[in-house]
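Student: What follows is a predicted protein model with its sequence.
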Amino acid sequence: MDSIIKFNNVTFEYESEENTSKVLENFSLEIERGTFNVILGHNGSGKSTLAKLTNGLIKAKSGEVLVNGMSTMDEEKEIDIKRTVGLVFQNPDNQIVSSIVEEDVAFGPENLGLSPEESRERVDNALKATEMYEFRDKPTHKLSGGQKQRVAIAGIIAMEPECIVLDEPTAMLDPRGRKEVLNTILKLNKEKNITIILITHFMEEAENAHRVIVMNDGKVTADGKPCQVFAQTDVIKEAGLDLPQTTDLLSKLKEKGFSVSGGIISADECVKEVSKLLDLEEI
Amino acid sequence: MSFLKVEGLTHIFGEGTPYSKTAIKNVSFSLEKGEILGIIGHTGSGKSTLVSHLNGLMKATSGKVLIDSKDIWENPKEIKKVRSKVGLVFQYPEYQLFEETVFKDIAFGPKNIGMTDEQITGSVLNAAKLMKIKDELLEKSPFDLSGGQKRRVAIAGVMAMEPEIIVFDEPTAGLDPKGRETIFKAIYDYRKEHNATVVIVSHSMEDIAAVCDKVLVMNGGEVAHFGTTREVFSNLDDLKKMGLNVPLITNVMLELKAKYKKLDANVLTVDEAVNSLLKLLVKGGKENA
């Protein structure tokens, strides 16, 4: 596998005065270049820790995290690593630094020491990629949550990373905002071939992923294509996740003894699957 | 006799200025004691403006809010009393924690409405129990808690005032399924214990369908639908036009009904859908049949 990110036996713990809690223990994972990966897990399952470890924002207690073969422990590689992997967080309001959209997106490139012309070009391209170009001269505080989140993503794209890690980027958005952000992420993967690691607890967002990884208690409990992972309803419930209603319906029909295929999320496929059963009846 | 009644409520921001904007227009609905209302509508449809009127946090340009047949603005000097009757839990209430300990934070509201120390202790402990906040957390700083715990502390702070009407603006936004379940269970328990009227603003049609007795749909500041949850969610086409939806399962069943007329598609939950399908699935399809 041509991997862009590699976790080798990583252990990480948070220490407080009273106790230490291990979040990840001997955790290993490889992410293939150019793929769209979704990591599912409940709050406290270790998925945000994983996100921050990917670009060295926090460091492993033992084991190593490699980005394009560079260890996040190697201080000399710190800047290279942060340019390779960009992070987007949950709360859009915490990630906006300027009062005007294009200035916010330009913050990163300007700090890279690029020429004004090149900065300009990168900012314009990033705003176009996230469909925020027409908002470029708008004040950031007047944007909706979904728009702010797309500005945050544009700010990362302007750094031209090879990989973007998004930690629950849609959790604070309304359904429309969620759709906007998700479409943007999909497009970046398809058109710019950027490796995506999307961390979420919305299973619906995993429908179009190349690979879905379920995390529970700092361990990977399921890993595979969406249809393979979603067919394991027990593992998903155990991980504290909700089955989408479509998946739930089919799994309950299966329990009753009907022959339906598992691992389905989309409404269309669910309708098709149930139709097969209804077609056998004389109605 | 309805307990909470909203009559022709209109709110115009900046009236008489060039920036004048009508946020809500002629909104009317009524609820009985113990009923749970869900308010849906996309961002900017006026949901938050509407709920801010229910405890007199905002004063309407025209129209009335009646609680127990009494206009809440009848005596403006007594509007504070209304605030102890109607609790408002804002979006992301965990950002509003400020006290030294969890106990003090939950006690802040009850203290402000003049409960005695004994009453305060009782209501704080009860609210903490409802919100599944363990005793050992009560003496901790609220800032040492996890996000989900902070949210529960903030909600307990409103419940501890023992309001007869309690309003939640997106109570589960950003929480994982387990966190969502804990909060909905607590809302149910609170309603049962106090026979309280509950209003929940949410973007999740599935949550609204599972929890609410009635649904109010806001669109462009006006009421587009008001009725029982089942009635409102039978208007798929209309809701879609407003950029809203019905629960995913209702959607699937309505699509199936287009093809199989005999199917009862009037369902709100997965279990109802399974039962409805089982009525038609009598013969085929079974494995090893």
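Tutor: Here it is on my side, so go on.
Student: ok, which stretches of the stretch 51-200 of chain A are strands?
Tutor: Secondary structure of the stretch 51-200 of chain A, counting by DSSP state E, counting those that start in this stretch: strands at A:62-67, A:70-71, A:85-88, A:163-167, A:195-200.
Student: How about residue 67: which residues does it bridge to?
Tutor: Reading this off chain A. Beta-bridge partners for A:Val67, by DSSP bridges, are A:Ile5, A:Met70.
Student: Sorry, I should have been clearer: chain B.
Tutor: According to DSSP bridges, B:Leu4, B:Lys70 are recorded as the beta-bridge partners of B:Ile67.
Student: how close does it sit to chain A?
Tutor: Per Cβ to the nearest Cβ, to the nearest Å, B:Ile67 is found 30 Å from chain A. C-beta here means a position set from N, CA and C on the backbone, and glycine is covered the same way.
Student: That residue reaches B:Arg83, doesn't it?
Tutor: No. The pair formed by B:Ile67 and B:Arg83 falls short of the contact definition of Cβ atoms under 8 Å, at 11.5 Å.
Student: Contacts only, for A:Thr247.
Tutor: Neighbouring residues of A:Thr247 by Cβ atoms under 8 Å, 6 or more residues apart in numbering or on different chains: A:203, A:230, A:233, A:262-265, A:270.
Student: Checking it next. Helix, strand or coil?
Tutor: helix (DSSP: H, G, I helix; E, B strand; the rest coil).
Student: Now do the same for it: its pLDDT.
Tutor: Looking at A:Thr247, its pLDDT reads 93.
Student: same deal with the one 4 residues further on?
Tutor: In the prediction, the pLDDT value recorded for A:Ser251 is 92.
Student: Which strand residues bridge the residue most central in space within chain A?
Tutor: Closest to where the C-alpha atoms of chain A average out (Cα atoms, centre = their mean) is A:Leu198, at 0.9 Å. A:Leu198 has the following beta-bridge partners by DSSP bridges: A:Val38, A:Leu166.
Student: you'd agree it is up against A:Leu166?
Tutor: Yes. The pair A:Leu198 and A:Leu166 passes the contact test of Cβ under 8 Å, sitting 5.1 Å apart.
Student: who touches both of these two?
Tutor: Taking Cβ under 8 Å, 6+ apart as the contact criterion, the common neighbours of A:Leu198 and A:Leu166 are A:Ile185.
Student: How about the secondary structure of A:Asn208?
Tutor: Look at A:Asn208: counting by three-state DSSP, its state is coil.
Student: Just give the number of residues close to it.
Tutor: Number of residues near A:Asn208 (other Cβ atoms under 10 Å in any protein chain shown) recorded here: 16.
Student: and if you look at B:Phe184?
Tutor: B:Phe184 has 17 neighbouring residues, counting by other Cβ under 10 Å.
Student: mind checking the SS state of it?
Tutor: Reduced to three states by three-state DSSP, B:Phe184 is helix.
Student: Enumerate every residue touching it.
Tutor: B:Phe184 touches B:172, B:207, B:210-211, counting by Cβ under 8 Å, 6+ apart.
Student: before we move on, the earlier item: using JSON lines, lay out the strands of the stretch 51-200 of chain A together with distance to B:Glu193.
Tutor: Shown next, in JSON lines, are the strands of the stretch 51-200 of chain A (distance: least, Cβ to Cβ, whole Å):
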{"stretch": "strand A:62-67", "distance to B:Glu193": "49"}
{"stretch": "strand A:70-71", "distance to B:Glu193": "56"}
{"stretch": "strand A:85-88", "distance to B:Glu193": "42"}
{"stretch": "strand A:163-167", "distance to B:Glu193": "37"}
{"stretch": "strand A:195-200", "distance to B:Glu193": "35"}
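Student: chain center to stretch A:235-249: distance?
Tutor: Between the centre of stretch A:235-249 and the centre of its host chain there is 19 Å, according to Cα atoms, centre = their mean, to the nearest Å.
Student: what do you get for stretch B:27-44?
Tutor: 8 Å.
Student: Surely A:Ile157 and A:Thr130 touch.
Tutor: Yes. Contact status for A:Ile157 versus A:Thr130: in contact at 6.9 Å, counting by Cβ under 8 Å.
Student: got a list of what residue 178 touches?
Tutor: Defaulting to chain A. Counting by Cβ under 8 Å, 6+ apart, A:Arg178 makes contact with A:146, A:170, A:202, A:205.
Student: not quite, I wanted chain B
Tutor: Contacts for B:Lys178 were tallied using Cβ under 8 Å, 6+ apart; they are A:42-43, A:240.
Student: pLDDT averaged over the lengthiest helix in chain A, what's the number?
Tutor: When secondary structure is assigned using DSSP state H, the longest helix within chain A turns out to be helix A:175-192. Averaging the model's pLDDT scores along helix A:175-192 yields 88.
Student: buried set for it?
Tutor: Applying a neighbour-count criterion of 16 or more other Cβ atoms under 10 Å in any protein chain shown, one finds A:175-178, A:180-182, A:184-186, A:188-189 buried in helix A:175-192.
Student: before we move on, which element is B:Asp105 in?
Tutor: Take DSSP states H and E as the rule and B:Asp105 turns out to sit in helix B:102-112.
Student: Report all helices and strands that that helix contacts.
Tutor: The contact analysis (3 or more Cβ pairs under 8 Å, 6 or more residues apart in numbering or on different chains; DSSP states H and E) places helix B:102-112 against helix B:117-130, helix B:147-159.
Student: And the contacts of that helix?
Tutor: When contacts are taken as Cβ under 8 Å, 6+ apart, the neighbours of helix B:102-112 outside the stretch itself are B:87, B:97-99, B:119-120, B:123-124, B:127-128, B:133, B:137-142, B:145, B:153-154, B:156-158, B:160-162.
Student: same thing but 7 Å
Tutor: B:97-99, B:119-120, B:123-124, B:127-128, B:133, B:137-140, B:142, B:153, B:156-158, B:160-161 (Cβ atoms under 7 Å, 6 or more residues apart in numbering or on different chains).
Student: Next, count neighbours for residue 197.
Tutor: Going with chain A. Taking other Cβ under 10 Å as the neighbour definition, A:Ile197 ends up with a count of 27.
Student: wrong chain, I was asking about chain B
Tutor: Using other Cβ under 10 Å as the criterion, the residues surrounding B:Thr197 number 24.
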